[in-house]
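Novice: Build me a model from this:
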Amino acid sequence: MDRPDDPTGGTSTRSARVADDLRRQLEDGVWPPGTRLPGEVRLAETYGVSRATIRTALRSLESRGLTATRHGSGTYATGASPGIHADLRHLDSMTATIRRVGAVPSMIYRRRELAPADAEQARHLDLHEGDPVFVTERELRADDTPVAFSYDVLPGTILPDDLAPETIEGSLYELLRSIGVDVAWATAEVHAATGGHIGWGERPSDAVYVLLDQVHRTIDGNAVAWSRTYYLEGRFRFSLVRTR
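Specialist: Purely as a prediction, here's the structure:
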């Protein structure tokens, strides 16, 4: 699933600009692995922003696996390799993640249609078999290179009656948000996957994927989407910072 991007363009906020500059310095080796970054007060003075803005920027770096924060001690460089990273702890936009590392995201839909729910779809979305569902199959690219294939299912009853499936583009999170449905959390399973049945078009014949299998829910627990996203190993990496 794709989370909606910041309406200002993602990098136009002050915290995003600070985070981007700090990320470049981390990747350039200004702070080697294990090195403590300057404190919030010093960074706020350097960038001419508030400490709240700095804290937001530092949280962004940590979510990408580039830093780790030890309470009472400070923020440290982890030495994580550059590339397309996603944080398993957060529901974040795949396209925004790609943009953050300077690549250009694009999305191609192979399938967009209403269909009767099969038994598996009904089970994940708390529906009855045969209930209408909106089914999509999407390919996500970074700089025109495929990085993931996503198979998504939404309950058809939450969509407007006059919505034409073939006209839907971009983020499904944005689609849900536009009809007043806000995704608050998701339960996820992570698996390794292989096989020619995964994806289509340009991809390695012996590709290995990281499968993120998720049911997305509103704050009151209603299932509003089931997604199975297959990330090509080596092209899209997940980070999880573990601390003691």
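
Novice: okay, and for this protein, where does confidence drop off?
Specialist: Along the chain, the parts satisfying pLDDT under 70 run over 1-12, 80-89, 100-101, 239-244.

Novice: Please parse it into its domains.
Specialist: Per automatic domain parsing, the domain ranges recorded for the chain read 14-77, 85-239.

Novice: So residue 117 sits against residue 124, correct?
Specialist: No - contact criterion Cβ atoms under 8 Å: residue 117 and residue 124 do not qualify, at 9.3 Å. C-beta here means a position set from N, CA and C on the backbone, and glycine is covered the same way.

Novice: Quick check: neighbours shared by these two?
Specialist: residue 153 (Cβ atoms under 8 Å, 6 or more residues apart in numbering).

Novice: Just the helices from this structure, written as ranges.
Specialist: 14-27, 40-47, 51-63, 94-100, 119-124, 172-178 (DSSP state H).

Novice: same for the first one, what does it pack against?
Specialist: Spelled out, it's helix 14-27. helix 40-47, helix 51-63 (3 or more Cβ pairs under 8 Å, 6 or more residues apart in numbering; DSSP states H and E).

Novice: and with 6 Å instead?
Specialist: helix 51-63 (3 or more Cβ pairs under 6 Å, 6 or more residues apart in numbering; DSSP states H and E).

Novice: What of the shortest one?
Specialist: In terms of contact count using 3+ Cβ pairs under 6 Å, 6+ apart, helix 119-124 is assigned no packing partners among helices or strands.

Novice: Flag every buried residue along it.
Specialist: 121, 122, 124 (16 or more other Cβ atoms under 10 Å).

Novice: Pipe those into TSV and attach distance to residue 194 per row.
Specialist: Listed next are the buried residues of helix 119-124 as TSV, based on distance: Cβ to Cβ, whole Å:
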residue	distance to residue 194
121	23
122	27
124	22
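
Novice: any idea which residue of this structure is furthest from its center?
Specialist: Relative to the mean C-alpha coordinate of the chain, counting by Cα atoms, centre = their mean, the farthest residue is residue 45 (31.5 Å).

Novice: Could you measure from that residue over to residue 225?
Specialist: 44 Å (Cβ to Cβ, to the nearest Å).

Novice: what's residue 183 in contact with, if anything?
Specialist: By Cβ atoms under 6 Å, 6 or more residues apart in numbering, the residues touching residue 183 are residue 216.

Novice: now the strands for this structure?
Specialist: Taking DSSP state E as the test, the strands found in the chain are 67-70, 74-77, 85-87, 105-116, 132-142, 145-155, 185-194, 208-217, 223-232, 237-239.

Novice: and these as a markdown table, adding distance to residue 172 and mean neighbour count?
Specialist: Shown next, in a markdown table, are these (distance: least, Cβ to Cβ, whole Å; neighbours: other Cβ atoms under 10 Å):
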| stretch | distance to residue 172 | mean neighbour count |
| --- | --- | --- |
| strand 67-70 | 30 | 18 |
| strand 74-77 | 34 | 20 |
| strand 85-87 | 16 | 20 |
| strand 105-116 | 10 | 14 |
| strand 132-142 | 7 | 20 |
| strand 145-155 | 6 | 21 |
| strand 185-194 | 12 | 13 |
| strand 208-217 | 9 | 20 |
| strand 223-232 | 7 | 22 |
| strand 237-239 | 20 | 16 |
